[in-house]
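J.: Sequence first, then the predicted structure:
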Amino acid sequence: MPWEKEEKIFEEYLRTKNLKHSEQRKEILYIFLNIDKHLTANELYRTVQRKYPTVGYATIYRTLKLLCECGLCRELKLEDGTTRYEHLYGHQHHDHLICTKCGRFIEVVDPEIERLQEKLVKQHGFYPERHRMELYGVCKRCKK
């Protein structure tokens, strides 16, 4: 099964919180993991609705919150006020280039940027817990 580890993580988290592991939550997890893009709760809701029309928006939102809490996804609050969710488990740290015209996300990894960040925190005696970098601009498709 492709999402066996993620399902176990989710089930264990729900068990520790004494929450029910419903079939709806499991299906929402699978659908979310099968979509390889940064989704809004509304986009996930519309996708789930096609297959499971009885699932409500509140269930989608609560499930996304649980997925964030257990470390399977991350909430990205963008400059424009939009909140998107991305897969987190098993994914390498990355930063984002975000197109302000089409909304496209480009995931980028640059070891040099990571080294510079490490250098900065050492220089200032700072102990980072997490970070994210988002660069906003126009992608090459929109620039044409």
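T.: Great, that's in hand. Source: prediction; values computed, not measured. Numbers count the residues shown, from 1 in each chain.
J.: Return the per-residue confidence for the nearest residue to residue 110 once chain neighbours are set aside.
T.: Excluding the flanking residues, the one nearest residue 110 by Cβ to Cβ, 6 or more residues apart in numbering is residue 95, at 7.5 Å. Heads up, the C-betas are built off the backbone N, CA and C, glycines and all. We have a pLDDT of 86 for residue 95.
J.: contacting residues around the spatially most central residue of the chain?
T.: The centroid of the chain falls nearest to residue 86 when counting by Cα atoms, centre = their mean (1.8 Å). By Cβ atoms under 8 Å, 6 or more residues apart in numbering, residue 86 lies in contact with 38, 39, 73, 74, 76.
J.: Look at it and report its pLDDT.
T.: For residue 86, pLDDT reads 90.
J.: Run through who's touching the helix or strand where residue 121 lies.
T.: Secondary structure assigned from DSSP states H and E places residue 121 in helix 111-123. For helix 111-123, the surrounding residues in contact (Cβ under 8 Å, 6+ apart) are 93, 95, 126, 127, 128, 131, 133.
J.: Return the residues in contact with the third one.
T.: Put plainly, it is residue 126. Contacts of residue 126 (Cβ under 8 Å, 6+ apart): residue 120.
J.: Could you do the fourth one as well?
T.: Shown in contact with residue 127 (Cβ under 8 Å, 6+ apart): residue 121.
J.: Please identify which helix or strand holds it.
T.: Per DSSP H and E, there is no helix or strand for residue 127.
J.: picking that back up, restricting to C-alpha, output the helix holding residue 121 in CSV.
T.: The C-alpha trace of helix 111-123 is given here as CSV (Å, rounded to 0.1, in the frame of the first residue of the first chain):
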residue,chain,number,x,y,z
PRO,A,111,22.6,23.8,-0.3
GLU,A,112,24.4,27.2,-0.5
ILE,A,113,21.4,29.0,0.9
GLU,A,114,21.1,26.5,3.7
ARG,A,115,24.9,27.0,4.5
LEU,A,116,24.4,30.7,4.6
GLN,A,117,21.5,30.4,7.0
GLU,A,118,23.6,28.1,9.2
LYS,A,119,26.4,30.7,9.1
LEU,A,120,24.0,33.5,10.1
VAL,A,121,22.5,31.7,13.1
LYS,A,122,26.0,30.7,14.4
GLN,A,123,27.2,34.3,14.0
